[in-house]
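[1] Sharing a model prediction with you, sequence too.
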Amino acid sequence: MTESWVRGAGILHINLRKWAHILVVAPLSANTLAKVVNGISDNLLTNVIRAWDTSGFVDGGARKRILVAPAMNAAMWLQPITKKQILVLDKEWGVEADAGNLEHQGWFEVLKPIEKSLACGDVGVGGMMEWTHIVKIIEQRLGLVAPTK
């Protein structure tokens, strides 16, 4: 038996958005990248991203970041459509970098993939950044450690 929807009951993707100080998608697949850039919200993750407070005004606080760490085959990473989608995240929705200081102009930060041995056996760019590096970036963005220079 499923429960009926009740007015006033919590809505999971909204509650998660309000609860989180930062959202990290690691790994970010080519499929999820395409969904996010095109506004497709057909699962919990893409619904949380779609409901994200991009201004900081809805939840009454500072603009919160979404960090994404793409991971895909090198051929997929080098596809022209992937480049266009990453440009949307970087240039239209992204956190602008100014002389090494992060300004809070955007809410997306793309943690670029690295060259390494990929799951398919190929070697090339497209592998997710090392998780230890991602953790350090998260700690910096949350103000838990001093930024590296």
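    In hand now; what should we look at? Numbering: from 1, shown residues only.

[2] What segments of this protein are helices?
    Secondary structure of the chain by DSSP state H: the helices cover 12-19, 30-37, 44-50, 74-77, 80-87, 131-141.

[3] contacting residues for residue 30?
    Residues near residue 30 by Cβ atoms under 8 Å, 6 or more residues apart in numbering: 70, 72, 76, 79, 82. C-betas here are computed from N, CA, C, even on glycine.

[4] and which of those residues is nearest to residue 7?
    residue 70 (39.1 Å; Cβ to Cβ).

[5] Might you report the residue contacts of that closest one?
    So residue 70 contacts 27-30, 33, 77, 86, 110-113, 126, 128 (Cβ under 8 Å, 6+ apart).

[6] Quick check on those residues: which are buried?
    Buried subset of the contacts of residue 70 (neighbour count, 16 or more other Cβ atoms under 10 Å): 27-28, 30, 33, 77, 86, 110-111, 113, 126, 128.

[7] Present the residues you listed as a markdown table; the columns should include pLDDT.
    Output for those, formatted as a markdown table (pLDDT from 0 to 100):
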| residue | pLDDT |
| --- | --- |
| 27 | 98 |
| 28 | 98 |
| 30 | 97 |
| 33 | 98 |
| 77 | 97 |
| 86 | 96 |
| 110 | 96 |
| 111 | 97 |
| 113 | 96 |
| 126 | 94 |
| 128 | 96 |
